[in-house]
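**Student:** Please work out how this folds:
(chains A, B, C and D)
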Number of protein chains: 2
Amino acid sequence: MSQSEQRPARRREALSAAGIVRVAIEILDAEGEDALTFRSLAERLSTGAGAIYHHVANKDELLEAAAESLVSGVASTPESLVPSDESVRALMLEVFDLIDAHRWLGSQLARAPWQAAVLLVFEAVGDRLVIRGVSERHRFDVASALLQYVLGAAGQYAASLRIPTAVGRSEFLKTVTGDWTSRAGPEELPFVHSMARQLADHDDRRQFAAGVDLILAGAAANPRT
Amino acid sequence: MSQSEQRPARRREALSAAGIVRVAIEILDAEGEDALTFRSLAERLSTGAGAIYHHVANKDELLEAAAESLVSGVASTPESLVPSDESVRALMLEVFDLIDAHRWLGSQLARAPWQAAVLLVFEAVGDRLVIRGVSERHRFDVASALLQYVLGAAGQYAASLRIPTAVGRSEFLKTVTGDWTSRAGPEELPFVHSMARQLADHDDRRQFAAGVDLILAGAAANPRT
DNA sequence: ACCTGAACACCGTTCAAGT
DNA sequence: ACCTGAACACCGTTCAAGT
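**Tutor:** Numbering: from 1, shown residues only, chains lettered A, B, ... in the order given. Next up is the predicted model:
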């Protein structure tokens, strides 16, 4: 404590946008969305908060870059040229798993509509639809529907409570709806109450895949023009 | 300016949770999400910021209550008992229009997964699926898919730029992707570039409806078990 | 050119003091 | 019981000063 004052000195290699994004992802993954601040980031980088602004315009850009960095890993060129639903399904599940592994990514994708990461998913989905042979007329509709579906799931799972499967039906409903449920019994929410077991027991990933299949089945059925 | 100091005095009727939520919605609608702070709210209510905490636990609860207040208006009992896709479609579009009219609602619904407002939409969708005669085995899948789809669209449109239809293709892409597009030409994003016209010209609402039809067509086709 | 860190203009939330 | 508004513990962002 009686250490004499001395200025910090500039040890350390130069900062870079890529390095900042990498550390930001580490913080987001390890400690969650709220833990990422310019102060915490600067501390981890042994620098001042202001230094970051020399490489990243602001926090939004930082989050978009972090999202793009992760998404670009899964949304690459289709590996198969065989026309089938399988490659579309596989891609959608890859995106799902990525969000599952990085919860903050869900909120980030849902936040800004045409950020780079979202565009990459749209491109990847579209590429596979072209290979699958979806007619030109329906491509845009199907790609949009799949994109919006995965973004909805992203936001949903990102904030979800990850209920242990052991939890029983009534306890689950209580957890999920808080005291709100007590205001609304089976008479007011018949459907929700009839689905309580599925809500408590369902597997998020399987559920997600079922929705993808529904959209692809609709695409195959060629809906009304 | 030489007015003598005097304490504010307690004119005004008592605060209430409902009144606070009403004024919060007014601020959100008129000035957007960022404009709603406990300070701005308190000013509009001619009170201190702390007073609000006697009626609302925190800002999250306030936003959830605001969302529920709006959603409860559209997600009421089905008006028709005729089994058809039409009532499902109509409900989905009502939710879409509600989000369109209150942009902040999109982000709010996408933010917290099982808040009251989301549960109300799930219930309303489910009720109509039961009437339509979707088999018990598929009800949960179809309701979940529709819910996630509308939440994805909600987040997307909430933040969307609302591009005037007059804007041309290249200008649109520039607006939407920023300088990111300049890094990625048609070789890297073939699908996005091939869809550029649809992206620029499409009608959000019609697009949304097309996705709903896709899911309903998939439900009718009875996807793989 | 890049970095540093104090300063600025905000937040949500708390809490002693009033009525 | 309810209200008031200053105070607290934060933010993102800016900017003079250093190297």
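**Student:** just for chain A, where's the confidence low?
**Tutor:** Within chain A, the stretches with pLDDT under 70 are A:1-12, A:159-183, A:222-225.
**Student:** Where is the longest helix in it?
**Tutor:** helix A:136-159 (DSSP state H).
**Student:** does any bit of that helix sit next to chain B?
**Tutor:** Yes - using CB under 8 Å from any CB of the partner chain, helix A:136-159 reaches chain B at A:139-145, A:147-157, A:159. Just so you know, the C-beta spots here come from the backbone N, C-alpha and C atoms, and that holds for glycine as well.
**Student:** Tell me what angle that helix forms with helix B:136-159.
**Tutor:** Comparing the axes of helix A:136-159 and helix B:136-159 via axes from the mean of the first three to the mean of the last three CA atoms, to 10 degrees yields an angle of 90 degrees.
**Student:** what separates helix A:136-159 from the chain centre, distance-wise?
**Tutor:** Averaged C-alpha coordinates place helix A:136-159 at 12 Å from its chain's average position (CA atoms, centre = their mean, to the nearest Å).
**Student:** Please identify the buried residues of it?
**Tutor:** A:138-159 (16 or more other CB atoms under 10 Å in any protein chain shown).
**Student:** Those residues also near DNA strand C: which ones?
**Tutor:** The subset of the buried residues of helix A:136-159 within reach of DNA strand C, by CB under 7 Å from any atom of the strand, is empty.
**Student:** Could you check how many residues crowd around the residue nearest to residue A:87 when sequence neighbours are not counted?
**Tutor:** Counting by CB to CB, 6 or more residues apart in numbering or on different chains, residue A:128 is the residue found nearest to residue A:87 once chain neighbours are left out, at 4.8 Å. Neighbours of residue A:128 under the rule other CB atoms under 10 Å in any protein chain shown: 26.
**Student:** Would you mind confirming that residue A:128 makes contact with residue A:92?
**Tutor:** No - with contact defined as CB atoms under 8 Å, residue A:128 does not count as touching residue A:92 (9.3 Å).
**Student:** residue closest to the middle of chain A?
**Tutor:** Centroid check for chain A by CA atoms, centre = their mean gives residue A:106 as the closest residue, at 2.5 Å.
**Student:** and it, how far is that from residue B:55?
**Tutor:** Using CB to CB, to the nearest Å, we find residue A:106 at a distance of 32 Å from residue B:55.
**Student:** Need the three-state assignment for the closest residue to DNA strand C within chain A.
**Tutor:** When scored by CB to the nearest atom of the strand, chain A has residue A:50 as its residue closest to DNA strand C, at 1.5 Å. Of the three states, residue A:50 takes helix under DSSP: H, G, I helix; E, B strand; the rest coil.
**Student:** show me the contacts for it.
**Tutor:** Residue A:50 sits next to no residue when contact means CB atoms under 8 Å, 6 or more residues apart in numbering or on different chains.
**Student:** I'd like to know how far it sits from residue A:62.
**Tutor:** Residue A:50 is 14 Å from residue A:62, by CB to CB.
**Student:** just residue A:131 next, same as before
**Tutor:** In terms of CB to CB, residue A:131 sits 34 Å off from residue A:62.
**Student:** ranges for the strands of chain A?
**Tutor:** In chain A, no segments count as strands under DSSP state E.
**Student:** Could you check which of residue A:131 and residue A:62 is surrounded by more residues?
**Tutor:** When residue A:131 and residue A:62 are compared for neighbours, residue A:62 comes out ahead with 21 against 16, by other CB under 10 Å.
**Student:** so who does the residue lying closest to the more buried one once chain neighbours are set aside touch?
**Tutor:** Nearest non-adjacent residue to residue A:62, counting by CB to CB, 6+ apart: residue A:56, 4.8 Å away. By CB under 8 Å, 6+ apart, the residues touching residue A:56 are A:17, A:20, A:21, A:62, A:65.
**Student:** mind listing the helices for chain A?
**Tutor:** Remark: helices assigned in chain A by DSSP H are A:17-31, A:38-44, A:59-74, A:86-101, A:103-111, A:116-132, A:136-159, A:169-177, A:180-183, A:190-194, A:196-201, A:204-220.
**Student:** possible to save those as a markdown table with distance to DNA strand D?
**Tutor:** Shown next, in a markdown table, are those (distance: least, CB to the nearest atom of the strand, whole Å):
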| stretch | distance to DNA strand D |
| --- | --- |
| helix A:17-31 | 11 |
| helix A:38-44 | 4 |
| helix A:59-74 | 4 |
| helix A:86-101 | 21 |
| helix A:103-111 | 13 |
| helix A:116-132 | 18 |
| helix A:136-159 | 18 |
| helix A:169-177 | 25 |
| helix A:180-183 | 20 |
| helix A:190-194 | 32 |
| helix A:196-201 | 34 |
| helix A:204-220 | 29 |
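**Student:** With distance to residue B:69 added, can I get those in CSV?
**Tutor:** As requested, the helices of chain A are arranged in CSV below (distance: least, CB to CB, whole Å):
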stretch, distance to residue B:69
helix A:17-31, 33
helix A:38-44, 36
helix A:59-74, 29
helix A:86-101, 30
helix A:103-111, 22
helix A:116-132, 30
helix A:136-159, 21
helix A:169-177, 17
helix A:180-183, 13
helix A:190-194, 19
helix A:196-201, 24
helix A:204-220, 29
